[in-house]
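A.B. asks: I would like the atomic coordinates for the input below:
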Amino acid sequence: MRVDLILSTLTSTVGAISLLSMSLRFVRYLRKFFIRESYDHGLRYGQHTWALITAPTSTTGSGFAFQLAKRGFNIVLVGRDIERIHRLRDAIVLNHLVKVRTIVADFRKSFHLPFYTDILRQVEDLDVSIVVNTVGCAGLSEKFHLMTAEKIRECLVVNTFGAVLLTQQFLPRLLQRFHHSAIINVSSENANQPIPGMAVSSGAKAFVKQFTMAAAHEYREKIDIMTVQPVGVKKQNLAETESGSKLTTVDADAFASSTLRQLGHTCSTSGHWIHGLQSGFFRTFPDEWKLTFWEKFIMPKYFESVREPRLVTASSLQS
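C.D. replies: Numbers count the residues shown, from 1 in each chain. Next up, the predicted model:
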């Protein structure tokens, strides 16, 4: 009888602790995405200062460019496709009447330190208050060993060197500013869960998340540093006037708006409440189940039309 009582008490205690833990996580989720108010970014980081965005024509990059311009920030667009950058520049100026500067830079070459000093040289006359690093690529290959060493190197360089060295190069300037500053490093949900067929980028995105969170703690008094791990993001047509979301994907404008709402409050986020819900749902399952799900049901569609390993942008998997 005593054993039954002990087991019953133990079961009740464990159940109560589990319920309390789930309740606290749910309250934290509500507070992050719905309750907590956003900072006034102009007051916090400086009115009419500059926001620098890498890979601005990518899905997530364009969303941040428009949202920051909407908040009154002038924009620096850093990317390698000059024609697409100029179209984006014209759209931003037309819609938000802010200043826009463009810089041509190919982050596949970002393993050289002069790559970063050249970017800083081109913005040395600007009061850059926010740096948003959205550049990234997914080394897509059914089997890791089928990727060439060159493609693996490119994937590692683009995904990791940009986030680390761009942050390192801008920090001295940002620390000298009167206002707060901010750095956003966009990672991906595969930072939280490895995805078969994307082994290299899964490791690289996890590195970006860990690096950014550690750096955020080091500079928390002066600089708001945050990493973002979105799930599915789709690009909004420039002709569209309203943003929207589905239960599986979020458009770039809504994603960027929700992410900026959390800037200064946290060092890590999924970005949008839909992504937070998806990420939390994924984490309830064992790793083996998740790996099998991605391998059997999600990734095959990305390999159907691919006859050999290739590098694709992260945004192409999110659109």
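A.B. asks: show me what counts as buried in stretch 45-55.
C.D. replies: Residues 45-46, 49-55 are the ones in stretch 45-55 that count as buried (16 or more other C-beta atoms under 10 Å). C-betas here are computed from N, CA, C, even on glycine.
A.B. asks: I'd like to know which of those is nearest to residue 223.
C.D. replies: residue 45 (10.0 Å; C-beta to C-beta).
A.B. asks: what is the burial count for the closest residue to the closest one other than its chain neighbours?
C.D. replies: What sits nearest to residue 45 in space, not counting adjacent residues and going by C-beta to C-beta, 6 or more residues apart in numbering, is residue 129, at 4.1 Å. Neighbours of residue 129 under the rule other C-beta atoms under 10 Å: 27.
A.B. asks: Three-state assignment for residue 129, please.
C.D. replies: Classification of residue 129 by DSSP: H, G, I helix; E, B strand; the rest coil places it in strand.
A.B. asks: what do you get for residue 72?
C.D. replies: coil.
A.B. asks: which one's the longest helix in the protein?
C.D. replies: If you go by DSSP state H, the chain has its longest helix at helix 2-30.
A.B. asks: quick check: buried residues in the helix or strand that comes right after that helix?
C.D. replies: Going down the chain from helix 2-30, the next helix or strand is helix 41-45, by DSSP states H and E. By neighbour count on 16+ other C-beta under 10 Å, the buried set for helix 41-45 is 41, 44-45.
A.B. asks: backbone dihedrals for the closest residue to residue 55 other than its chain neighbours, please?
C.D. replies: Sequence neighbours aside, residue 135 is the residue nearest to residue 55 in space, at 3.9 Å (criterion: C-beta to C-beta, 6+ apart). When read as degrees, to the nearest 10, the backbone of residue 135 gives phi -70, psi 140.
A.B. asks: my guess is residue 135 meets residue 162, correct?
C.D. replies: Yes. At 5.0 Å, residue 135 counts as touching residue 162 under the criterion of C-beta atoms under 8 Å.
A.B. asks: any common contacting residues for these two?
C.D. replies: With contacts defined as C-beta atoms under 8 Å, 6 or more residues apart in numbering, the residues shared by residue 135 and residue 162 are 54, 107.
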